[in-house]
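# Generate coordinates for the sequence data below:
(one chain, ligands or ions: 1)
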Amino acid sequence: MAMVLEANNLTWQVDNKKIVDQISFSLKKGETLGIVGPNGAGKTSLLKCLYRGYPLSDGDIKITGKNLGDVDRKYIAQKVAVVAQHHDSVFDLTVFDVVHMGLLPHKGLFDRDNSEDLQLIELALKKVDLFEKSTQIFKTLSGGEQQRCLIARAIVQRPSILIMDEPTNHLDVFYQHQILELVNKLELSLVITIHDLNLAAQYCDRLLLMAEGKVIAIDTPEKLLTRERLQQVFKLDCIVDKNPFTESPRITFSGTNFADLTVEPDKRECVKTVGIKNEN
Ligand SMILES: Nc1ncnc2c1ncn2[C@@H]1O[C@H](COP(=O)(O)OP(=O)(O)OP(=O)(O)O)[C@@H](O)[C@H]1O
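Below you'll find the model as predicted:
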């Protein structure tokens, strides 16, 4: 099957420190890849490499078969939509105007909107249930509504790949599920960073687990999320069983178990909880 995204040996460094260190993976059409790992692992930096916010020190990226170095920004904007963590630039715009921005990669400088464009915006706003709030200023929306507004912009953009940096951040449990269900139904290829491993297991086809800039493993949630691996990376003991609703892996972490919490996380030794039955 043709790959929508191919990342080969991606490396990005600052002051000789490799923040993203020789990462390779590919993404199939319609697949959802979740990037997981501890704070500071390099997840956001990896995403920024993907949409060319950061210049690579080494490696290359192909999007729909074309090398990123050989295409212009407009091609990237047509193929890749991004929902980043910070969106200050759209704060004072109305919901309609933010969603309208999704048309820009497909327009020439002097092109006017036609009826199809307006229909597309209307459909996208209805899909995320924000049509009634079209004239509201973006910054006055709730966190969940802001995420939905940015997803509507991505729908209008009609990309092949949607990249989202922690899309469930600051959302309550209802909106966490709503956002992830919504983007999964769009039938796009998705790359998302996500801290909640249970949500990642439920909504992602594959996970890329990273730490200190490197890939620890890439696999399906069922194969990747093992007690041993999670202990090694997060320094916490856990039980891995199954979510009774979805059958996806369910992870329950123990408390920290550390006598001295002032020790840096990467120097901590994981203390196993005695007597825990683990299905992995
Ligand atoms: N522009 C930069 N200059 C210097 N260091 C940077 C830069 N961007 C990121 N870093 C460093 O790279 C490391 C990885 O940061 P990044 O934000 O990619 O991690 P993350 O896995 O997304 O973390 P979190 O889960 O906390 O959001 C951090 O130590 C960070 O300080």
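# When you work out contacts or count neighbours from here on, use the C-alpha atoms and nothing else.
OK.
# Checking my notes, Asn198 in a strand, right?
No. Counting by DSSP: H, G, I helix; E, B strand; the rest coil, Asn198 falls outside a strand, being helix.
# For it, which non-adjacent residue is closest in space?
Arg250 (5.6 Å; Cα to Cα, 6 or more residues apart in numbering).
# neighbours around the one you found, how many?
If you count neighbours by other Cα atoms under 10 Å, Arg250 ends up with 22.
# same thing with Asp129?
Residues near Asp129, counting by other Cα under 10 Å: 14.
# Now it, what are its backbone angles?
Backbone torsions of Asp129, given as degrees, to the nearest 10, read phi 60, psi 40.
# if we can go back for a sec, residues in contact with the residue nearest to Asn198?
Arg250 sits next to 198, 201, 239-243 when contact means Cα atoms under 8 Å, 6 or more residues apart in numbering.
# per-residue confidence at Met1?
Looking at Met1, its pLDDT is 65.
# Skipping adjacent residues, who's closest to the closest residue to the ligand within the stretch 51-200 of the chain in space?
The ligand sits closest to His195 of the stretch 51-200 of the chain, with a gap of 7.1 Å, by Cα to the nearest ligand atom. Once flanking residues are discounted, His195 sits nearest to Val36: 6.1 Å by Cα to Cα, 6+ apart.
# and the gap between the one you found and Leu182?
The span separating Val36 from Leu182 equals 20 Å under the rule Cα to Cα, to the nearest Å.
# now do Ala81
To Leu182, Ala81 is 15 Å away according to Cα to Cα.
# who's more crowded, those two?
Using other Cα under 10 Å, the more surrounded residue of Ala81 and Leu182 is Ala81, with 25 against 14.
# Sheet-wise, list the partners of the one helix or strand the more buried one maps to with their directions.
Taking DSSP states H and E as the definition, Ala81 sits inside strand 80-83. Partners of strand 80-83 in the sheet, by DSSP bridges, are strand 161-165 (parallel).
# Tabulate the CA atom coordinates of the next helix or strand after the strand it pairs with in CSV.
For strand 161-165, the following helix or strand on the C-terminal side (DSSP H and E) is helix 173-185. The C-alpha coordinates for helix 173-185 follow below in CSV (Å, rounded to 0.1, in the frame of the first residue of the first chain):
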residue,chain,number,x,y,z
VAL,A,173,-13.4,13.5,29.5
PHE,A,174,-16.5,13.9,27.2
TYR,A,175,-14.7,16.3,24.9
GLN,A,176,-11.5,14.1,24.9
HIS,A,177,-13.6,11.3,23.4
GLN,A,178,-15.7,13.5,21.2
ILE,A,179,-12.6,15.1,19.6
LEU,A,180,-10.8,11.8,19.0
GLU,A,181,-14.0,10.2,17.6
LEU,A,182,-14.5,13.2,15.3
VAL,A,183,-11.0,13.2,13.8
ASN,A,184,-11.1,9.4,13.4
LYS,A,185,-14.3,9.6,11.4
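# got the phi/psi numbers for Ile155?
Backbone geometry at Ile155, expressed as degrees, to the nearest 10, gives phi -60, psi -40.
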